[in-house]
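Colleague: could you look at this predicted model? Sequence included:
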Amino acid sequence: LLQQIASFFSAKPHPSLPPTSITQLLATLTRLARHSAHIASLILNTDGLVSSIVDWFLLRRASAFYLTLSPSPSASESRGQGKPKEEDENGSGGPNEPLDPDPAAFNLLTTLAHSSRSNAQALQAPASALLRFLTSGLPTHLFPSSSSSFDPSTTTLAGLRKRETALELVAGTLEVYAALAAYGFLSGIATTASERFQELSACVISLASGWRSGGLKEGERRVVVAWLGVMEAWIVCATDPHRTTPAHDLLWSQVDGWGWGEELLAFRAGFLASLFQREKAMHVEEREVLAAMWDALAAWLEGCRTNRPRGGWEEKKMVGDVVQKSWEETSMEVEQRSLRGSIDDLKSHLGRERKAAKNFREMSRACAVVSAFARLAVACIPRRDSPTSQPPELQPWITQTHSVLFPIAFELLECEDLGRDAASRTDDPLYKHRMIFTRHASAFLSHFSTLHRAVSSSPASPGSTNDSDLFGLASLTKLSPGYEAH
């Protein structure tokens, strides 16, 4: 059956089914890939299937699509004689118009990449072809900036749809590269497309700081989170270049030269200021942006610990001072509100029975935010000069973060959905959703255990190292496999 589907997608000039049916077939393949790693392997090992899907849904449609994204509004109006064409549900202008690229194809690619290391390795060749969406296809003029011609108030509905598709193409490409970088694959893309990636970084920073009302739209938010995610993944690759494939595919000296740490701090400053000026309740989606930012900053500091003098002491102090300043200013308490809001969401779910997948999804999202900030706090802790030296003095915001996280950490230790017994209930219909929550909760408990140990041993803390050891031992019973080393 899979070979028949591959032959169907590779048909020239195009498959014979209606566009809606073709899209449904792609959705079916994506659902099958999510079922198990074995089925994902079958899809990847079917000769020509993945490459033909990439070609049909993305590459073959790209050239005509990008011609419609002119930086000049007058140019696009002249092509349409000032009248927007009626669009079908697939984004084309009619039966004789070329179809727009379908970002849903990225869902299949990321699912295949996440399924196993061997599948990710097999996906490298098709994924390399996606580079055009970061080079010739990067629509920088669609991001709001001082030099941009984009104005959402004067753009037609058709133009806004095209822009949303263009943003999703950029986001989907970054998500695929982040998934592959988790195994150390294709991190050299950062070097190959360094100039265009720097342009994208400038666009993302201006996007995060330029929106003063209404917040980020879905396509914009996805680009921002994907940019932060691939930054984190590539920084991890550069931290230990011996573990990439091929080795030394990305070096820490390049990360330093590109100024990624400074870009992340610039993004943070702009995004926090934008959130504060809107003076509205923070959405869950905006908390996810903050979590992705904290993870990326933490990854950079972890890399500095290995590759910079004195274990990255200067970089840790720089980031710690920046966070401390915003932590003290009531006008910039965005991070505190995000952290406390996610803790409240997590507590509300822990306090009631969980019978639906939605409960675990919401718990996972809240736990991911809490875990990311705990990771950042741990990453800002200075390294001891020697095992026998006095523990370093911690900045106030780190000890305050510990106090805020302490109650929820102990509530998670009592959660019956964590631990080996819960992981063994594979016949439970909610098993997969529970395991996603378990992964985020395990990450948080491992980060908090390190934070708890550092605070307990700090000269200014009244705690004891015995208490931190007991918490570490208790958390071991709740961690999913792979987190015990923490």
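Modeller: That came in fine, so what should we check first?
Colleague: leaving out sequence neighbours, find the closest residue to Arg61.
Modeller: If you skip the residues right next to it in sequence, Arg61 has Pro101 as its closest partner in space, 4.5 Å away by Cβ to Cβ, 6 or more residues apart in numbering. Any C-beta I mention is one placed from the backbone N, CA and C, and that applies to glycine too.
Colleague: check for me that the one you found belongs to a strand.
Modeller: No - secondary structure assignment (DSSP: H, G, I helix; E, B strand; the rest coil) places Pro101 in coil, not in a strand.
Colleague: distance from stretch 265-281 to the middle of the chain?
Modeller: Per Cα atoms, centre = their mean, to the nearest Å, the displacement of stretch 265-281 from the mean C-alpha position of its chain is 19 Å.
Colleague: may I have it as CSV, with CA atoms only?
Modeller: What follows is stretch 265-281, C-alpha atoms only, in CSV (Å, rounded to 0.1, in the frame of the first residue of the first chain):
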residue,chain,number,x,y,z
LEU,A,265,19.1,38.6,25.4
ALA,A,266,17.9,41.1,22.8
PHE,A,267,14.8,39.0,22.0
ARG,A,268,14.1,38.6,25.8
ALA,A,269,14.2,42.4,26.3
GLY,A,270,12.0,43.2,23.4
PHE,A,271,9.4,40.4,24.1
LEU,A,272,9.1,41.2,27.8
ALA,A,273,8.6,44.9,27.0
SER,A,274,6.0,44.1,24.4
LEU,A,275,4.1,41.9,26.8
PHE,A,276,4.1,44.5,29.5
GLN,A,277,3.0,47.4,27.3
ARG,A,278,0.0,45.4,26.2
GLU,A,279,-1.2,45.2,29.8
LYS,A,280,-3.4,42.2,29.2
ALA,A,281,-3.6,38.8,30.8
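Colleague: for the protein, where's the lowest mean pLDDT among helices and strands?
Modeller: The element with the least model confidence among the helices and strands of the chain, by mean pLDDT, DSSP states H and E, is helix 73-79, at a mean of 41.
Colleague: next structured bit after it?
Modeller: Using DSSP states H and E, the next helix or strand after helix 73-79 towards the C-terminus is helix 104-115.
Colleague: show residues contacting the following helix or strand past that next one.
Modeller: Heading C-terminal from helix 104-115, the first helix or strand you meet, by DSSP H and E, is helix 117-122. Residues external to helix 117-122 that are found in contact with it (Cβ atoms under 8 Å, 6 or more residues apart in numbering): 37, 40-41, 44-45, 112-114, 179-180, 182-183, 185, 245.
Colleague: how about those residues, which pair is most distant?
Modeller: Using Cβ to Cβ, the two most remote members of the contacts of helix 117-122 are Asn45 and Ala182, lying 21.0 Å apart.
Colleague: when those two are compared, which one has more neighbours?
Modeller: When neighbours are counted by other Cβ atoms under 10 Å, Ala182 comes out ahead of the other of Asn45 and Ala182, with 17 against 13.
Colleague: what's near enough to touch that one?
Modeller: Listed by Cβ under 8 Å, 6+ apart, the contact partners of Ala182 are 114, 120, 233.
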